[in-house]
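Asks: Have a look; sequence and predicted model below, questions after that.
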Amino acid sequence: PNPNPNPNPNPRKKNLGATAHSDFYQASVMCFGISDQVSKSMTTDIPTEIESVHWRKTIEEAYDDYVASSPLYYLKRARTPILISHGANDKRVPPSQSKILFNALKRKGNVPTRMVLYGKEGHGYKRYANRLDHSLRTMRW
């Protein structure tokens, strides 16, 4: 048997992690992650990525799937402490995606959360100092 059974086998919901499935996690780290697929699809530098690469459906055709695969809409279940990090210059997944989740968790109030924005970084951490800082923060978290 699988030691970590996925209660939701839908692959489009695999990125929900600690917000939807808090019982499975003691802590979580989100790096340049997507909080809301709907708003991400309208603010990314590749607005057709989801429909042309991943799902083969437009937002109009699969709106419910976009929402169902967005951690932001599962905050009622969230209890796992979440460390959020993002590159301040990320054009692929704009930093607003991290800010949305961070602010929503802060409003919720009972989920320990911290957010770090790395200046001069995009979608990934290229500077050694930032990679080291992120690794150390992750281990401490």
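Replies: Cool, got the structure. Residues are numbered from 1 along each chain as shown.

Asks: Tell me how far stretch 22-34 lies from the chain's centre.
Replies: For stretch 22-34, the separation from the chain centroid amounts to 8 Å (computed by Cα atoms, centre = their mean, to the nearest Å).

Asks: My error: substitute stretch 97-107 in the last question.
Replies: Worked out by Cα atoms, centre = their mean, stretch 97-107 lies 10 Å from the chain centre.

Asks: Now it: buried residues?
Replies: If you call a residue buried by 16 or more other Cβ atoms under 10 Å, then stretch 97-107 has these buried ones: Q97, S98, I100, L101, F102, A104, L105. Quick note: C-beta positions are derived from backbone N, CA and C, even for glycine.

Asks: could I get that stretch in PDB with only the CA atoms?
Replies: Extracted C-alpha coordinates of stretch 97-107, given in PDB (Å, rounded to 0.1, in the frame of the first residue of the first chain):
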ATOM      1  CA  GLN A  97       0.600  34.900  -6.600                       C
ATOM      2  CA  SER A  98       2.600  34.600  -3.400                       C
ATOM      3  CA  LYS A  99       1.300  37.800  -1.900                       C
ATOM      4  CA  ILE A 100      -2.300  36.600  -2.500                       C
ATOM      5  CA  LEU A 101      -1.800  33.500  -0.500                       C
ATOM      6  CA  PHE A 102       0.300  35.200   2.200                       C
ATOM      7  CA  ASN A 103      -2.300  37.900   2.800                       C
ATOM      8  CA  ALA A 104      -5.100  35.400   2.700                       C
ATOM      9  CA  LEU A 105      -3.400  33.200   5.300                       C
ATOM     10  CA  LYS A 106      -2.600  36.200   7.500                       C
ATOM     11  CA  ARG A 107      -6.300  37.200   7.400                       C
END
